[in-house]
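# Here is the input, now give the coordinates:
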Amino acid sequence: MDKIQLVAQLRQEHGRSASRRLRHSGNVPGIIYGSNAEAISISLNHNTIYHALKREAFHTSILSLDLDGKKEQVLLRDHQVHPFRQQVLHLDFQRVNEKEEVQMRIPLHFINEDTCYAVKTQAAHITHVINDVEIRAFAKDIPHFIEVDIKDIKAGQTVHLSNLALPSGVALVNLLRGDDSAVVIAAGIAEEEISNEAPVVAAADIPTVSGKKDVEA
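As a prediction, this is how the structure comes out:
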């Protein structure tokens, strides 16, 4: 996995008032925890974080965090934003231990949706049941996303978690728990050959005005 570089500083002051002052100065408070080490409070440049959060890879990459000259390998675990302002309020990072598996959510990327058999041939509608999955993997094996190719799906068919092609070293948490959930459904009626020709009726089968069939004299 590629590593994204971040710069942070240790934060000495704590509490709501200290956090408000920090935000007013153009920074955002955060915390680093995990790997049986003490949790530490940090601050980061707000604009850098604000734009980084818009990148999908930022949420699934190992981040190389320069903390006052000391390097920390971390993953973004959570973040809070203001309900209506364009402002990041807080960040949670987890230290990465290369010898321990990590459990986290990864987005799904759907391909060939507009050209799949169900859509082009059968006029079916594709429904995404889920858009991300929870995986378990070592940090080095965490993918930025998992690709779901639905080119061969037909109307009435469903793609399940067990049908996904996973990168090496990656396991799906739901499958480990015995839950093979649906991922994609092609909603529609399976294609059938229907004749447009009217059925041929024998003359003898046509009823007369009296309601009786014609009988040959």
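# how far is the helix or strand of the chain with the lowest mean pLDDT from where the chain is centred?
Using mean pLDDT, DSSP states H and E, the weakest-scoring helix or strand in the chain turns out to be helix 16-24, at a mean of 85. When C-alpha coordinates are averaged (C-alpha atoms, centre = their mean, to the nearest Å), helix 16-24 and its chain have centres 33 Å apart.
# got a list of contacts for stretch 55-74?
The contact list for stretch 55-74 (C-beta atoms under 8 Å, 6 or more residues apart in numbering) reads 1-10, 32, 40, 42, 52-53, 75-76, 93-96, 98, 104, 106-107, 139, 142-145. Yep, even glycine has a C-beta here, placed from its N, CA and C like the rest.
# Emit the PyMOL select command for whichever of these are buried.
The buried residues among the contacts of stretch 55-74 can be selected in PyMOL (16 or more other C-beta atoms under 10 Å) with this line:
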select buried, resi 6+8+32+40+42+52+75+76+93+94+95+96+104+106+139+142+143+144
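# Among the contacts of stretch 55-74, which ones are in helices?
Under the assignment DSSP state H, these contribute residue 52 to helices.
# Of the contacts of stretch 55-74, which belong to strands?
Counting by DSSP state E, the contacts of stretch 55-74 place 3-10, 32, 40, 42, 75-76, 93-95, 104, 106-107 in strands.
# mind giving me the domain ranges of this structure?
3-96, 102-187 (automatic domain parsing).
# where among those is the average confidence lowest?
Looking at the domains of the chain, the lowest mean pLDDT belongs to domain 3-96 (a mean of 91).
# what packs against the least confident helix or strand of the chain?
If contacts are counted by 3 or more C-beta pairs under 8 Å, 6 or more residues apart in numbering; DSSP states H and E, helix 16-24 sits against strand 27-34.
# buried stuff in the strand it packs on?
27, 28, 29, 30, 31, 32, 34.
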